[in-house]
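# Curious how this folds, go ahead:
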Amino acid sequence: MANIKFSQFTSEPVDTDKTEIVGYVTGTTRNTRYTMTQLSAGVVDGYDQYEFKTNIFLSNLKSIGRDNGTTRNANVQFADVSPLGNSAVVIRDGGSDLMIVDGSGKVGIGVTDPDETLEIAGNVHVQGQSYSPIHTITYADPPVIDWNNGSIQTVTLTGSPATAIAAPSNPKDGATYILIVKQDATGGRTFAGGWNAVFKWKGGTAPTLSTGGNAVDIITFVCDGTNYYGVDSLNFS
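Alright, predicted model coming up:
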């Protein structure tokens, strides 16, 4: 490694009371480790122990963190090992990966290869609310359901679809979904075309929708990745 002069970091005179050598140097003091009280790069008078007014780049799989002398503890590692082959940021402790942000922006906690925007291996404790905004489906014959738009969706019937409600897109095994079906002010609308076979009902019979003007029916589904097992709560008005 080439010699580095303090003048390369700042054009101002070095304050030796604040800036000392850190690392290993060549010459008669080779392999002697020095400490420092404050180091600044590109900053005339640093406020913190380390202050840099430039970018810092690390080689692949290099880390910034704490070393207790035997195990690399509590460090952040930068690596080219994410699922997409792009740079990843990994928070590690004792050699174990605790959290990863891969090159596609997916976050894994307790997992190193997240397959969703956020994947967690473990329990989640929320102090506050966890919710999904209600997505409004544009009425069509039949209405099109895509769960990527949200796990709670609503449609207002302004007609009676003659075509069976198709299997929704992007189902997830173990997910719970809610479909809110509203009548318009006229009422009398039905799912005349019925439901796709992936929808399963207690006793094998689909619910009969409420037909009063502005009536609201709520249907909750539990999905196994393919089929939807529905329970209805009808006639909110």
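
# tell me the domain boundaries of this protein?
As assigned by automatic domain parsing, the chain contains the domains 1-56, 62-120, 135-236.

# hey, least reliable of those by pLDDT?
Comparing mean pLDDT across the domains of the chain, the weakest is domain 1-56, with a mean of 50.

# where exactly do the strands run in this protein?
39-41, 50-52, 62-67, 72-79, 88-93, 96-101, 107-109, 118-120, 135-137, 152-157, 176-183, 199-201, 216-223, 228-236 (DSSP state E).

# Is it possible to get a markdown table of these that adds mean neighbour count and distance to Gly193?
Backbone N, C-alpha and C define where each C-beta goes, glycine included. Shown next, in a markdown table, are the strands of the chain (neighbours: other C-beta atoms under 10 Å; distance: least, C-beta to C-beta, whole Å):
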| stretch | mean neighbour count | distance to Gly193 |
| --- | --- | --- |
| strand 39-41 | 19 | 69 |
| strand 50-52 | 13 | 65 |
| strand 62-67 | 12 | 59 |
| strand 72-79 | 16 | 52 |
| strand 88-93 | 18 | 48 |
| strand 96-101 | 16 | 45 |
| strand 107-109 | 19 | 41 |
| strand 118-120 | 13 | 37 |
| strand 135-137 | 16 | 16 |
| strand 152-157 | 20 | 12 |
| strand 176-183 | 19 | 14 |
| strand 199-201 | 16 | 12 |
| strand 216-223 | 18 | 16 |
| strand 228-236 | 15 | 17 |
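
# Could you save those strands as a markdown table and add columns showing distance to Asp146?
A markdown table is the format used below for the strands of the chain (distance: least, C-beta to C-beta, whole Å):
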| stretch | distance to Asp146 |
| --- | --- |
| strand 39-41 | 51 |
| strand 50-52 | 47 |
| strand 62-67 | 41 |
| strand 72-79 | 35 |
| strand 88-93 | 30 |
| strand 96-101 | 27 |
| strand 107-109 | 23 |
| strand 118-120 | 20 |
| strand 135-137 | 9 |
| strand 152-157 | 9 |
| strand 176-183 | 11 |
| strand 199-201 | 16 |
| strand 216-223 | 13 |
| strand 228-236 | 14 |
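
# Of those strands, which is nearest Ser210?
Closest of the strands of the chain to Ser210 is strand 228-236, at 4.1 Å (criterion: C-beta to C-beta).

# Give me the contacts around that closest one.
Contact partners of strand 228-236, identified using C-beta atoms under 8 Å, 6 or more residues apart in numbering, comprise 168, 171, 177, 198-202, 206-210, 212, 215-223.

# I'd guessed Thr226 sits against Val198; true?
Yes - at 6.2 Å, Thr226 and Val198 qualify as touching, with contact defined as C-beta atoms under 8 Å.

# Pull up the gap between the closest residue to Gly187 other than its chain neighbours and Ser237, please.
Nearest residue to Gly187, sequence neighbours excluded (C-beta to C-beta, 6 or more residues apart in numbering): Gly213, at 3.7 Å. In this view, Gly213 and Ser237 are 8 Å apart by C-beta to C-beta, to the nearest Å.

# distance between the ends of stretch 200-211?
End-to-end distance for stretch 200-211: 22 Å, by C-alpha to C-alpha, to the nearest Å.

# List the buried residues of that stretch.
Ala206, Pro207, Leu209, Ser210, Thr211 (16 or more other C-beta atoms under 10 Å).
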